[in-house]
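# Coordinates only, no sequence provided:
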């Protein structure tokens with residue numbers, strides 16, 4: 001079962017922290033989740049790029065800001081938006097890990113695809129803990145759509161029309177791109193066999 005996915009995350013050069021994940025299965029079923037980790041959300045809001053590009057699609061409201069008297073730093077006031085269509089997607093990481101395992105393995109071993117997949121795979125793995133904590137029925141790699149585009153000689157491809165940086169909308173676009181690339185070259189053959197966990 002091919003699964004296209006995308007993640008949004010904080011990367012400060014030392015640590016990667018999960019914000020949200022969107023997944024679309026080949027049978028059309030979708031999954032979307034947002035971390036309930038308040039400190040991660042605070043950090044995302046404080047980051048200019050994330051606030052402008054990612055936070056605006058999350059189920060939360062930013063309703064004020066103030067400049068710290070001594071730090072000069074902008075402090076944002078926010079709360080979860082209980083009326084947002086994705087409010088139910090807010091979950092603890094442990095629940096998200098359980099959901100993803102069921103979503104990915106319900107029809108056998110999944111074949112994972114993402115755009116610039118390296119970071120997405122790290123984020124996916126860390127939802128479960130360390131890389132070695134990744135369940136054995138989920139591959140230890142994600143096939144890279146950008147790499148596949150390069151392999152095909154960088155043909156023109158359909159651009160994402162809306163929802164950029166919302167993990168679910170990005171996953172839907174990944175699916176569109178994968179299907180387009182398949183139309184140029186036949187079904188993309190990502191590896192699906194799960195290797196043993198030895199290094």
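Received it, and whenever you're ready, just let me know what you need. This is a predicted model, so every value here is computed, not measured.

# Run through who's touching the helix or strand of the chain at the bottom of the mean pLDDT ranking.
When the helices and strands of the chain are scored by mean pLDDT, DSSP states H and E, strand 60-67 comes last with a mean of 81. If you take C-beta atoms under 8 Å, 6 or more residues apart in numbering as the criterion, strand 60-67 is touched by 41, 45, 51, 55, 73-81, 84. C-beta here means a position set from N, CA and C on the backbone, and glycine is covered the same way.

# of these, buried ones?
41, 45, 55, 78, 80, 84 (16 or more other C-beta atoms under 10 Å).

# Quick check: pLDDT value at residue 15.
pLDDT, residue 15: 90.

# ranges for the helices of this structure?
Under the criterion DSSP state H, the chain contains helices at 38-46, 48-53, 93-105, 117-127, 145-151, 167-185.

# How about the second one, which residues are buried there?
Just to be clear, that refers to helix 48-53. Result for helix 48-53 [16+ other C-beta under 10 Å]: buried residues residue 50.

# mind checking how far it is from the chain centre?
Distance, stretch centre to chain centre, for helix 48-53: 16 Å (C-alpha atoms, centre = their mean, to the nearest Å).

# same thing with the last one?
Computed by C-alpha atoms, centre = their mean, the chain-centroid distance of helix 167-185 equals 14 Å.

# angle of it against helix 117-127?
130 degrees (axes from the mean of the first three to the mean of the last three C-alpha atoms, to 10 degrees).

# Show me which residues of helix 167-185 are buried.
Applying 16+ other C-beta under 10 Å to helix 167-185 flags 167-178, 181 as buried.
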